[in-house]
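In: sequence and predicted structure are below.
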Amino acid sequence: MDERVEEHARILVDWCTDIEDGDDVVISASPEADELVVALHREIGARGGNALTLYSTDEASRAYMKAHDGDFTLPEHALAMYKEADAVIGIRSDPNTSAMSDVEGEKLAERSRVTKPIQEERLSTRWCLTQHPTNAHAQNAGMSLGEYRDFVYDATLRDWEAVEEYQEELRERLEEASEVRVVAGEETDISMSVDGMHAVNSAGRHNMPSGEVFTAPVPDSVEGTVLFDKPLIHQGREMEGVRLEFEEGVVVESSAERNEEALDDLLETDEGARRLGELGIGTNREIDRFTKNMLFDEKMGETVHMALGRAYDENVGEDCERNDSAVHVDMILDTSEGRIEFDGETVQENGNFVWE
């Protein structure tokens, strides 16, 4: 076994999910990630935890969705499992990242609404999402598998305690800010209130790799227009050139240069899908290229990402409104030739933080 796989497993078990004696751990992966699953079982066993692996592929999900006719019902057995779990480790490792692309958008949205309680239970555990290198993801990134492995492990096998320390300056400034404005190019000028919301220093506890600081906008405060200049991939459907206009927090105009129908389906999921649930600032400069994988892409240095849909509880201050939705879909904006302002003061310009 590649020793980097073993190191990856140790990071997931120690830093990300802090597995202890007696913990019940659910691992979700495809057969492509068998090496990492084996390494995780070894590490969890060494710490006295109980590991359960779920076989999971988008092809299987597609088969179910295409065959299902009628109303969806909540899988109570899955809900019960996550209620009993102490930690959940999800491994992206599908052999076909476009397997869900021909499933009707309305079906996907309805399934998301019905299974929302399961997503909430997963998020109440010590959860982590990670990546195992596969040919499909390497191909999406325009790399050979060997090159992609190096890319994944360079971004993942880091001193995460040092990353957390580095990002603390940004977290403190965002925590103290009341308003954020992002300006980039001719089509992006968007502002939002973050007053009363909490900024989170994301250094690999839930996403591995990580490297971002994020918060939640006040739901009705978002104003302006934004052009996301990186492709957006949701449930196997790729959208490009997504442009959104906000008034009083709600998307009032939307368009996409490619696959606008998929964008429309996303926005129609529920009321909360038309509002922002997250604003994040990427800091991981080991992720130096766009790979069509949001787990990596949203962490790129010199980028901002905004998510339509659900806000995370940890971002929402006491007595503040939380945007609720069955979806949480991130979209990326390049700020290498733009600027980010907190309360009218520039904190990043042309990709560089003012304190660097």
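Out: Cool, the structure landed.
In: per-domain residue ranges of the chain.
Out: Each domain of the chain is listed here as a residue range: 3-157, 161-353, per automatic domain parsing.
In: now those domains as TSV including mean neighbour count and mean pLDDT?
Out: Glycine gets a C-beta too; all of them are placed from N, C-alpha and C. Formatted as TSV, the domains of the chain follow (neighbours: other CB atoms under 10 Å; pLDDT from 0 to 100):
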stretch	mean neighbour count	mean pLDDT
domain 3-157	17	95
domain 161-353	19	94
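In: what kind of secondary structure is the spatially most central residue of the chain in?
Out: With distances taken as CA atoms, centre = their mean, Leu295 lies nearest the centre of the chain, 5.4 Å away. Secondary structure, DSSP: H, G, I helix; E, B strand; the rest coil: Leu295 is helix.
In: parallel or antiparallel, which strands does the strand or helix carrying Asp189 pair with?
Out: The secondary structure element spanning Asp189 is strand 188-193 (assigned by DSSP states H and E). Paired with strand 188-193 in the same sheet, following DSSP bridges, are strand 179-184 (antiparallel), strand 223-228 (antiparallel).
In: can I get that strand in CSV, CA atoms only?
Out: Taking Å, rounded to 0.1, in the frame of the first residue of the first chain, the C-alpha atoms of strand 188-193 are listed here in CSV:
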residue,chain,number,x,y,z
THR,A,188,-19.4,41.0,-10.0
ASP,A,189,-20.2,43.5,-7.3
ILE,A,190,-22.0,41.8,-4.4
SER,A,191,-22.4,42.7,-0.7
MET,A,192,-24.0,41.1,2.3
SER,A,193,-24.3,41.5,6.0
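In: what's the helix or strand that it is followed by in contact with?
Out: The first helix or strand that comes after strand 188-193 along the chain, using DSSP H and E, is strand 200-202. When contacts are defined by CB atoms under 8 Å, 6 or more residues apart in numbering, strand 200-202 is touched by residues 164, 167-168, 170-171, 210-215, 280, 312, 314-315.
In: same check, this time on stretch 173-186
Out: Applying CB under 8 Å, 6+ apart, the contact partners of stretch 173-186 are 188-195, 198-199, 213, 215, 217, 226-227, 229, 279, 281, 304, 333-335, 337-344, 347.
In: 7 Å - rerun?
Out: Residues outside stretch 173-186 that contact it (CB atoms under 7 Å, 6 or more residues apart in numbering) are 188-195, 198-199, 213, 215, 227, 279, 304, 333-335, 337-343, 347.
In: quick one on the thing from earlier: wait, which of the contacts of strand 200-202 is closest to Ala155?
Out: For these, the minimum distance to Ala155 (CB to CB) is 7.9 Å, reached by Gly211.
In: list the contacts of that closest one.
Out: Applying CB under 7 Å, 6+ apart, one finds that Gly211 lies in contact with 163, 282-284, 299.
In: including distance to Cys320, could those residues go into CSV?
Out: Supplementary listing: those in CSV, determined by distance: CB to CB, whole Å:
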residue, distance to Cys320
Val163, 28
Gly282, 24
Thr283, 25
Asn284, 28
Lys299, 26
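In: just flag the most distant two among these.
Out: Pairwise distances across the contacts of Gly211 (CB to CB) peak at 12.2 Å, for the pair Val163 and Gly282.
In: hang on, the earlier thing: widest-spaced pair of the contacts of strand 200-202?
Out: With distance counted by CB to CB, no two of the contacts of strand 200-202 lie farther apart than Glu168 and Tyr312, which are 18.9 Å apart.
In: which residues touch the residue nearest to Glu253 when sequence neighbours are not counted?
Out: If you skip the residues right next to it in sequence, Glu253 has Glu245 as its closest partner in space, 3.9 Å away by CB to CB, 6 or more residues apart in numbering. With contacts defined as CB under 7 Å, 6+ apart, the neighbours of Glu245 are 225, 252-253.
In: so what does the closest residue to Glu268 other than its chain neighbours have for phi and psi?
Out: Counting by CB to CB, 6+ apart, the nearest residue to Glu268 once its immediate chain neighbours are dropped is Ala109, at 6.7 Å. When read as degrees, to the nearest 10, the backbone of Ala109 gives phi -70, psi -40.
In: tell me the bridge partners for the residue nearest to Gly338 when sequence neighbours are not counted.
Out: Distances taken as CB to CB, 6+ apart put Ala184 closest to Gly338, at 3.0 Å, once the chain neighbours are dropped. Each beta-bridge partner of Ala184 is listed here: Thr188, Gly338, as defined by DSSP bridges.
In: any idea how far Leu174 is from Ala184?
Out: From Ala184 over to Leu174 the distance is 18 Å, taken as CB to CB, to the nearest Å.
In: next one: stretch 71-85 to chain centre, how far?
Out: Per CA atoms, centre = their mean, to the nearest Å, the displacement of stretch 71-85 from the mean C-alpha position of its chain is 22 Å.
In: only alpha carbons, please: show it as CSV.
Out: The C-alpha coordinates for stretch 71-85 follow below in CSV (Å, rounded to 0.1, in the frame of the first residue of the first chain):
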residue,chain,number,x,y,z
ASP,A,71,-43.5,9.6,-4.3
PHE,A,72,-40.3,9.1,-2.4
THR,A,73,-40.4,8.1,1.3
LEU,A,74,-37.8,8.7,4.0
PRO,A,75,-35.5,5.6,4.4
GLU,A,76,-36.1,5.2,8.2
HIS,A,77,-33.3,2.5,8.5
ALA,A,78,-30.7,4.9,7.1
LEU,A,79,-32.0,7.6,9.4
ALA,A,80,-31.7,5.3,12.4
MET,A,81,-28.1,4.3,11.5
TYR,A,82,-26.9,7.9,11.4
LYS,A,83,-28.7,8.7,14.7
GLU,A,84,-26.6,6.0,16.3
ALA,A,85,-23.3,6.9,14.6
